[in-house]
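Trainee: Prediction below, plus the sequence it came from.
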Amino acid sequence: MKNSRILRRILASRTSLAGALIIAFFALTALAAPLLAPPQNPQEPYQIPQSGYASEPAKPGPGHIFGTAEQQYDMFYGVVWGTRSAFKVGVTVTLAALLLGILAGVLAGYAGGWADEAIMRVTDVFLAFPGIVLSVVIVAMLGPGLPKVMLALAVVSWPSYARLVRGEVLSVKERDFVSAARAMGASHARILLRHILPHCLYPVIIIASLDIGAMVLVAASLSFLGLGAPPGYADWGQLIALSRNWILGSAGAPLAYWHTVVIPGAAISVFVLGWNLLGDAFRDILDPRQK
Amino acid sequence: MLAVQNMNSEIILEAENVGKVYELNSGLLDKTRVAALDGVSLRIAQGRAHGIVGESGCGKTTLAKILLGLERQDSGRALFRGREISSLSTKDLLEMRRQVQVVFQDPYSSLDPRMTAGEIIAEPLAVHGLCRGQGEKEAEVSRLLGLVGLSSEHAGRYPHEFSGGQRQRIGIARALALKPKLIVADEAVSALDVSIQAQVLNLLKELRDRLGIAYLAISHDLAAVRFLCDDISVMYLGRLVESGPAESVISSPLHPFTKLLLDSVPSTEKRDLPELLPEQDEGWDGRGCRFKRRCPRRLPDCDGRAPALEIKSDNRTAACLNPLPQTN
């Protein structure tokens, strides 16, 4: 009942509809990746096929509709399978950070006292560093690779969820229905799961939906810095990293290799835009304080 | 203490010299200590209704929370059937929960908006494992809904579909689910419209007559407390200033603050209400009687000596150096 109402309101607003359509388009692309760009080696579908080893990127044309990147990696294949990577990174990192954040936030807010102090001081430490710098440091320590990037991003982003959840728990905890549950002798588990948690989840879910896009953006920047996926791995940031030497074109032919930057760059931008529109829509619908 | 709470009626809850101090962070390192309760003693006997009246912020709710075992006192003892509440075993605490239930002031915040009325009322049954099977539970929920004047078809509705008075009835049904011996009613009617207040007060009184439930009724509304309660205690800034049988306290108050409270109740006959006096928080400098700056019967002694709650006459106690004369 409630879900259908949310759906109706998403479809009612033009911007949120655009967001939903964009994300739906990317989701379809990710699902249909094996059909759109059949992998040459089914064991390693994320490995972008190379047609030769020449370093100069080829322009879009028959055979390579998006052209090729440095070392003849096929851009179309990279963008299509990169959609999967993007979802994988965005959703996994956000979910992991969300779970950790909710756990820490609930514990801090509900238990209070020294547990609250300890958890909040830990989040202070994490929040004191700029997120990207901290994730660069973590990846540099662990070594490059997509799973490590995801781990680093999750580690960097849980504290903000924890703070948000803690604040919600603190306010819900004071409401009379929680006191009533305590006065009837309900266990802590029951109070948390039945009375507190359901009231704390919406705000974080809204923020999380906004964050999925942002996670992909940060992962792409790490890839661009050479800290992300290994060369040839289908990942948008990786594709942009490959174009690093070709952004300005060559002497006499400025921007000759525009496609190596613009195509994966556009994919990232539109993907992030889609999540932001959708997240804003969620917030407008679910958060009464915004009204 | 009070002869009316005589020896043969068993004491359910008792406060013995209870004190509670809150620390407020007023600056980076400064802490202001506010005494919410100071040396409060009180007994609630089986089957009796005891009212506590006082201005908002005087510590009534803090006292209720301590007696419910939701907060812990800083000094003194809070006893359930003679045993300290904060050191009850899990099993004994559950037994206390069964015997002592609570109805809150705000019927909009006391019911979980995500649960139906039926789920809300059935929750205490589930917590205490009182009903076997869905059928038995539904029957019990219907019975409880009937007890508070609602019908079983209300069970499937959510709190926002009810009016304030109906919501308060759901809160009462939830409190009744465990068949308690005592219900703590914390401003249970003050958030309701006057006509609805009368309904809910009648319901509470009726439940008392039918089920023999004792009440600890906390209110700033003397009329409501008089209607429901046998005994009244008046609280001012964290201390009891007067205590006694409801009728005699109201007809002939001993403490000037009780008199002020009574005079401040607007009525259809009254033409004048007393002059505004300073609010209680600017009223006390920490020495002597807490009420002295607002008190019309102040003596020079009131500045130096804090009066204790003393027996002034039959069943009546007051903490005042210059109490009002009793008229009988």
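Mentor: Arrived safely, thanks for sending. Residues are numbered from 1 along each chain as shown, chains lettered A, B, ... in the order given.
Trainee: Mind pulling up the pLDDT for residue A:2?
Mentor: Residue A:2 is assigned a pLDDT of 56 by the prediction.
Trainee: for the closest residue to residue A:136 other than its chain neighbours, phi and psi?
Mentor: Residue nearest to residue A:136 in three dimensions, not counting chain neighbours: residue A:227, with 6.4 Å by C-beta to C-beta, 6 or more residues apart in numbering or on different chains. To be clear about C-beta, it is placed using only N, CA and C from the backbone, and glycine gets the same treatment. Here is the backbone geometry of residue A:227 (degrees, to the nearest 10): phi -100, psi 0.
Trainee: since we're on residue A:227, how many residues are nearby?
Mentor: Using other C-beta atoms under 10 Å in any protein chain shown, residue A:227 has 23 neighbouring residues.
Trainee: what about it, distance to residue A:265?
Mentor: The spacing between residue A:227 and residue A:265, counted by C-beta to C-beta, to the nearest Å, is 18 Å.
Trainee: could you show me where the helices are in the stretch 201-328 of chain B, in order?
Mentor: Taking DSSP state H, counting those that start in this stretch to define them, one finds helices in the stretch 201-328 of chain B at B:222-228, B:246-251, B:256-264.
Trainee: With respect to chain A, which of these lies nearest?
Mentor: Between chain A and these, the tightest spacing by C-beta to the nearest C-beta is seen for helix B:222-228, at 19.0 Å.
Trainee: In terms of helices and strands, where is residue A:97?
Mentor: For residue A:97, the element it lies in under DSSP states H and E is helix A:75-111.
Trainee: actually residue A:141, not the one I typed
Mentor: Secondary structure from DSSP H and E places residue A:141 in helix A:131-142.
Trainee: got the CA coordinates for that helix in CSV?
Mentor: Extracted as CSV, the C-alpha positions of helix A:131-142 are listed here (Å, rounded to 0.1, in the frame of the first residue of the first chain):
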residue,chain,number,x,y,z
GLY,A,131,37.1,11.0,2.6
ILE,A,132,39.1,10.8,-0.6
VAL,A,133,42.4,11.2,1.1
LEU,A,134,41.6,8.6,3.7
SER,A,135,40.5,6.1,1.1
VAL,A,136,43.6,6.8,-1.0
VAL,A,137,45.7,6.0,2.1
ILE,A,138,43.8,2.8,2.8
VAL,A,139,44.0,1.6,-0.8
ALA,A,140,47.7,2.5,-0.8
MET,A,141,48.2,0.3,2.3
LEU,A,142,46.1,-2.6,1.0
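Trainee: Which strands and helices lie in contact with the next helix or strand after it?
Mentor: Downstream of helix A:131-142, the first helix or strand assigned by DSSP H and E is helix A:146-173. Secondary-structure packing of helix A:146-173 (3 or more C-beta pairs under 8 Å, 6 or more residues apart in numbering or on different chains; DSSP states H and E): helix A:75-111, helix A:113-128, helix A:131-142, helix A:197-224.
Trainee: want to try CSV for those, with mean pLDDT as columns?
Mentor: Below are the helices and strands packed on helix A:146-173 laid out as CSV (pLDDT from 0 to 100):
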stretch, mean pLDDT
helix A:75-111, 92
helix A:113-128, 92
helix A:131-142, 90
helix A:197-224, 86
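Trainee: Burial check on residue A:208, number of neighbours?
Mentor: 24.
Trainee: In contact with residue B:201, which residues?
Mentor: Applying C-beta atoms under 8 Å, 6 or more residues apart in numbering or on different chains to residue B:201 gives the contacts B:189, B:224, B:227-228.
Trainee: Can you lay out those residues as a markdown table showing neighbour count and pLDDT?
Mentor: Formatted as a markdown table, those follow (neighbours: other C-beta atoms under 10 Å in any protein chain shown; pLDDT from 0 to 100):
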| residue | neighbour count | pLDDT |
| --- | --- | --- |
| B:189 | 27 | 82 |
| B:224 | 23 | 86 |
| B:227 | 19 | 89 |
| B:228 | 22 | 90 |
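Trainee: quick one, strands of chain B?
Mentor: Assigned by DSSP state E, the strands in chain B fall at B:11-25, B:31-45, B:49-53, B:75-80, B:83-84, B:100-103, B:182-186, B:214-219, B:231-236, B:239-245, B:310-313, B:316-318.
Trainee: For chain B, which element, helix or strand, carries the lowest mean pLDDT?
Mentor: Among the helices and strands of chain B, strand B:310-313 carries the lowest confidence by mean pLDDT, DSSP states H and E, at a mean of 80.
Trainee: For that strand, which outside residues touch it?
Mentor: For strand B:310-313, the external contacting residues (C-beta under 8 Å, 6+ apart) are B:254, B:317-319, B:323, B:326.
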